[in-house]
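S.K.: kindly return the folded structure for what I paste below:
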Amino acid sequence: MLFEKYKNSKISFLEGYKSIRKIPAFEKILPFLNMCASLGAIGFTIVRNTYKTKHKFIYDENVKFLKNFLD
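M.R.: Reported below is the predicted structural model:
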């Protein structure tokens, strides 16, 4: 999910990260980062009680991602 919508943001992110410290085995940890981002998005919609209304799309897309991720 990270970097899917804005493909060029991955390059910018890695360049910025590299300016601070050595880049870890990024491709290996990317699935974990995607999972954490999805859980955070789901949590955001639940805490704000918008998972059935205003942020339903965000909630649904992230639940779908997690189901696919765990299969």
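S.K.: now do the helices in this structure.
M.R.: 9-18, 26-47, 56-70 (DSSP state H).
S.K.: format those helices as a markdown table; extra columns: distance to residue 3 and mean neighbour count.
M.R.: The way it works is simple: take the backbone N, C-alpha and C, and place the C-beta from them, glycine included. Listed next are the helices of the chain as a markdown table, based on distance: least, Cβ to Cβ, whole Å; neighbours: other Cβ atoms under 10 Å:
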| stretch | distance to residue 3 | mean neighbour count |
| --- | --- | --- |
| helix 9-18 | 4 | 12 |
| helix 26-47 | 8 | 14 |
| helix 56-70 | 13 | 14 |
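S.K.: mean pLDDT for these: which is lowest?
M.R.: Among the helices of the chain, helix 9-18 carries the lowest mean pLDDT, at a mean of 89.
S.K.: could you check the angle it makes with helix 26-47?
M.R.: 110 degrees (axes from the mean of the first three to the mean of the last three Cα atoms, to 10 degrees).
S.K.: show me the contacts for residue 31.
M.R.: Residues in contact with residue 31, defined by Cβ atoms under 8 Å, 6 or more residues apart in numbering, are residue 69.
S.K.: could you measure from the residue most central in space within the chain over to residue 58?
M.R.: By Cα atoms, centre = their mean, the chain has its centre lying nearest to residue 37, at 3.5 Å. Taking Cβ to Cβ, to the nearest Å as the measure, residue 37 falls 11 Å from residue 58.
S.K.: same thing with residue 50?
M.R.: Distance from residue 50 to residue 58, by Cβ to Cβ: 8 Å.
S.K.: what's next to stretch 52-71, contact-wise?
M.R.: 1, 31, 34-35, 38-39, 41-42, 44-46, 48, 50-51.
S.K.: could you dump those into CSV and include distance to residue 8?
M.R.: Rendered in CSV, the data for these read as follows (distance: Cβ to Cβ, whole Å):
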residue, distance to residue 8
1, 16
31, 21
34, 18
35, 23
38, 22
39, 25
41, 22
42, 26
44, 25
45, 27
46, 31
48, 30
50, 29
51, 30
